[in-house]
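Asks: sequence first, predicted coordinates after that:
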Number of protein chains: 2
Amino acid sequence: MLEFELLATEGLARRGRLTLNHGVVETPVFMPVGTYGTVKGVLPRSLEEMGAQIILGNTFHLWLRPGLDVIKAFDGLHRFEGWRKPMLTDSGGFQVWSLGAMRKISEEGVRFASPVNGDKLFLTPEVSMQIQTVLDSDIVMQLDECTPYETEGRVTSEREARASMAMSLRWAQRSRDEFARLANRNALFGIVQGGMYEALREESAARLAELDLPGYAVGGVSVGEPKDEMRRIVAHTPRLLPANKPRYLMGVGTPEDLVDGVANGVDMFDCVMPTRNARNGHLFTRFGDLKIRNAKHRLDQRPLDPTCTCHTCANFSRAYLHHLERCGEMLAPMLASIHNLHYYLNLMREMREALEGGRFAAWRAQFESDRARGIDG
Amino acid sequence: MLEFELLATEGLARRGRLTLNHGVVETPVFMPVGTYGTVKGVLPRSLEEMGAQIILGNTFHLWLRPGLDVIKAFDGLHRFEGWRKPMLTDSGGFQVWSLGAMRKISEEGVRFASPVNGDKLFLTPEVSMQIQTVLDSDIVMQLDECTPYETEGRVTSEREARASMAMSLRWAQRSRDEFARLANRNALFGIVQGGMYEALREESAARLAELDLPGYAVGGVSVGEPKDEMRRIVAHTPRLLPANKPRYLMGVGTPEDLVDGVANGVDMFDCVMPTRNARNGHLFTRFGDLKIRNAKHRLDQRPLDPTCTCHTCANFSRAYLHHLERCGEMLAPMLASIHNLHYYLNLMREMREALEGGRFAAWRAQFESDRARGIDG
């Protein structure tokens, strides 16, 4: 099931509520990424405490490890990984696409060798639906082909992007048919492709809308294109999607990207950035970003962000985090991941509240000025 | 300050209560090791939840990183690492001893080059007291020389062990004098040495008792000697220490070693084993140990230990932990460390309760039969 209710709008920005089989999700929402059935370095209960409403799992990775027989024994991913709230799984398309020369894409699907054990595997729209049905994720993504920004060393041509987009549309239909045949109780999302070509994006969005799926995503952004190209697509495509359905911008991005996405009518986001950057000592704060390895933090008794209410900022100083990072202690990425995820989740919470109060524009101006101020300002 | 009260005894085993500047510690107690100001992979609040009463910090490591200027800025280790309960620090002696050829021991102290940056350093009893005063640990250990089990490829002779033990006694006096001069408000423990020679251990214990320190440790065990040699010393030395003062067996050991220590009158233990083994996928349970990487756990939906009340066993299966470990996910050592530490802390809790009820002997028989049963029995 999926129900989507729009509670407020301001310009293109939307404040909504998504009801899924495992619970309610207030939008706009950020979804922490739990590739292998764990958001790296974070206990599920910490995620709940910091207000995560829905997390993501990667179909490709979970198919390879632990394998479907294991997930099936647990009646799906929720009980296996100890997460009770909603979950979204991707289709595996992006990951097989990322294998590059190690995979072969045809109309039928994608052949590739498992990077784990070399097994020959074949991912089709039907297989993706079958896997995601075993995972029992609340939101299932269609298999799509991620149109690359560059093909053979030059920008992908409109002709190439059209062919790719058209195949993704056919895969959307096959995904929908198999999803129905499997009597999957969850919700299937279609994915708009079309590369950097707005006309193709429009065609993709219109054709997908005809399938009347419960939600839609914008895919094929943040795939190596220049930042202004990404922003152009984010400003163009989301508004073309059905207004009464949730809109998901896949794999994006920085705090600024999230705010820009919301301003353009996006409801859902996912990105590895908060957790990956945390593991590299790159921390997000209201007043700009901070590299915790920098020697200037050595004696700094302040929290990362004095306005932050996360477990890390409530209990630990920059000097302590700097020390842990320098010593290679596991607690460094643990505390940094808690902080960065809390920052992202709180950012969305602030946007939801601003939208409820009809003051999103003012909030955004403050956000931009705070972020530009710099953390030591 | 330090107050020690004996609440119950059974044979040589003791149930006591230790009152320190940062709180009360029920004994017998296990102290998780937080070398660099963090118990590896565990949030301080998780330690509190699982009932840790006192944790250990390593003087040698903290002296080198983050350095005393940092700890001083935080008025000691407690606020720096966000731990409110009691803390014990070692003297740094064991760590410089472990440097082997890289250090030179003389009557005055130990010269060595910092393994972090090559700085020439000199650790004396006085320096150790000065560092531990900055750390402001509730229990301070004297600087001692850890008599090795082997010297130049053969078992250390009685003559060598005597010379080493005698120097540790002189270092105890120097530690006590400097501790007093610094007006340290905490409690200084002396350390019995003497290698594998019972007569030397007796002399060391008697001479240390004359110093009337608030507590005593048995050092120089678990330093490469055969297991039955260790057990012989653990059966011999603790009972020689003043009955009205806490007794600490340093760096020991397995669950069986802890039970054996308690049976011989030991009140306090520390060991890296629960956390280090956790990071290697070696898990302790009531019914024996378990290697989580073993393929037999792949589909096992049971918790590690059905009788365990830790966060890991309450929420996650062996199959999930096996999967995390195989994928190299950080959550694997995190959850394993929680479980192993909880196991150790709960083991001590069970011993305290058995001693209160005068049923330690019966408890021990059950412990041994349970542990021998095997986890899949």
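Replies: Everything's here; your move. Numbering: from 1, shown residues only, chains lettered A, B, ... in the order given.

Asks: interface residues of chain A facing chain B?
Replies: Neighbours of chain B within chain A, by CB under 8 Å from any CB of the partner chain: A:36-38, A:40-45, A:65-66, A:69-70, A:73-74, A:80-82, A:298-299, A:301, A:311, A:315-317, A:319-320, A:322-324, A:326-327, A:329-331, A:333-335. All C-beta atoms are positioned from the backbone trio N, CA, C, and that covers glycine.

Asks: and the residues you listed, which are buried?
Replies: A residue is treated as buried here by neighbour count (16 or more other CB atoms under 10 Å in any protein chain shown); on that basis the buried members of the residues of chain A next to chain B are A:36-38, A:40-44, A:65-66, A:70, A:73-74, A:80-82, A:298-299, A:311, A:315-317, A:319-320, A:322-324, A:326-327, A:329-331, A:333-335.

Asks: what ranges does the stretch 151-300 of chain A have for its strands?
Replies: Assigned by DSSP state E, counting those that start in this stretch, the stretch 151-300 of chain A shows strands spanning A:154-155, A:187-192, A:215-218, A:247-249, A:268-270, A:282-283, A:290-291.

Asks: please disregard the earlier target; I meant the stretch 1-150 of chain A.
Replies: The residue ranges that make up the strands of the stretch 1-150 of chain A, judged by DSSP E, counting those that start in this stretch, are A:2-10, A:13-20, A:23-27, A:29-31, A:55-57, A:87-89, A:103-105, A:110-113, A:120-123, A:139-141, A:150-151.

Asks: quick one, the first one and strand A:13-20 angle?
Replies: The one in question is strand A:2-10. Compare the direction of strand A:2-10 with that of strand A:13-20 by axes from the mean of the first three to the mean of the last three CA atoms, to 10 degrees and you get 160 degrees.

Asks: one more: the third one?
Replies: Counting by the same axes, to 10 degrees, strand A:23-27 lies at 170 degrees to strand A:13-20.

Asks: now for A:L121: which residues touch it?
Replies: Remark: with contacts taken as CB atoms under 8 Å, 6 or more residues apart in numbering or on different chains, A:L121 is in contact with A:63, A:111-114.

Asks: nearest to chain B: which residue in the stretch 151-300 of chain A?
Replies: When scored by CB to the nearest CB, the stretch 151-300 of chain A has A:L299 as its residue closest to chain B, at 5.6 Å.

Asks: check the stretch 51-200 of chain A too.
Replies: Per CB to the nearest CB, A:P66 is where the stretch 51-200 of chain A lies closest to chain B, at 4.1 Å.

Asks: please report how far that residue lies from B:Q193.
Replies: Distance check for A:P66 against B:Q193: by CB to CB, to the nearest Å, it reads 50 Å.

Asks: wait, what's in contact with the spatially most central residue of chain A?
Replies: With the centre of chain A defined as its mean C-alpha position, the nearest residue by CA atoms, centre = their mean is A:D270, 1.6 Å away. Under the criterion of CB under 8 Å, 6+ apart, the contact partners of A:D270 comprise A:30-33, A:56, A:88, A:248, A:250-251.

Asks: hey, what's it bridged with?
Replies: Beta bridges link A:D270 to A:M31 when assigned by DSSP bridges.

Asks: quick check: the gap between it and B:G374.
Replies: Between A:D270 and B:G374 the distance is 44 Å, computed by CB to CB.

Asks: find the nearest non-adjacent residue to A:L240, please.
Replies: In this structure, A:L240 finds its nearest non-sequential neighbour in A:A205, 4.2 Å apart by CB to CB, 6 or more residues apart in numbering or on different chains.

Asks: in terms of pLDDT, where does that neighbour sit?
Replies: What the model reports for A:A205 is a pLDDT of 98.

Asks: residue contacts, it?
Replies: A:A205 makes contact with A:192, A:216, A:237, A:240-241 under the criterion CB under 8 Å, 6+ apart.

Asks: likewise for A:C271?
Replies: With contacts defined as CB under 8 Å, 6+ apart, the neighbours of A:C271 are A:30, A:33, A:251-253, A:344.

Asks: for it, report the pLDDT, please.
Replies: 98.

Asks: surely A:H322 is in a helix?
Replies: Yes: note on A:H322: a helix contains this position according to DSSP: H, G, I helix; E, B strand; the rest coil.

Asks: that one contacts A:I292, correct?
Replies: Yes: the pair formed by A:H322 and A:I292 meets the contact definition of CB atoms under 8 Å, at 5.5 Å.

Asks: buried sites along the lengthiest helix in chain A?
Replies: Within chain A, and with DSSP state H defining each element, the longest helix by residue count is helix A:331-356. Along helix A:331-356, these residues count as buried under the neighbour rule (16+ other CB under 10 Å): A:331-352, A:354-355.

Asks: now that helix, how far from the centre of its chain.
Replies: For helix A:331-356, the distance from its own C-alpha centre to the chain's C-alpha centre is 14 Å (CA atoms, centre = their mean, to the nearest Å).

Asks: likewise stretch A:1-15?
Replies: Centroid displacement of stretch A:1-15 relative to its chain, using CA atoms, centre = their mean, is 18 Å.

Asks: send the alpha carbons of it over as PDB?
Replies: What follows is the C-alpha trace of stretch A:1-15 in PDB, where atoms were taken according to Å, rounded to 0.1, in the frame of the first residue of the first chain:
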ATOM      1  CA  MET A   1       0.000   0.000   0.000                       C
ATOM      2  CA  LEU A   2       0.900   3.600  -0.400                       C
ATOM      3  CA  GLU A   3      -1.100   6.700   0.400                       C
ATOM      4  CA  PHE A   4       0.200  10.200  -0.200                       C
ATOM      5  CA  GLU A   5      -1.300  13.300   1.200                       C
ATOM      6  CA  LEU A   6      -0.200  16.900   0.500                       C
ATOM      7  CA  LEU A   7      -0.400  18.900   3.700                       C
ATOM      8  CA  ALA A   8       1.000  22.200   2.500                       C
ATOM      9  CA  THR A   9       2.800  23.800  -0.400                       C
ATOM     10  CA  GLU A  10       4.900  26.900  -0.900                       C
ATOM     11  CA  GLY A  11       5.900  27.600  -4.500                       C
ATOM     12  CA  LEU A  12       6.900  24.200  -5.800                       C
ATOM     13  CA  ALA A  13       7.900  23.000  -2.400                       C
ATOM     14  CA  ARG A  14       5.600  20.400  -0.800                       C
ATOM     15  CA  ARG A  15       5.000  19.200   2.800                       C
END
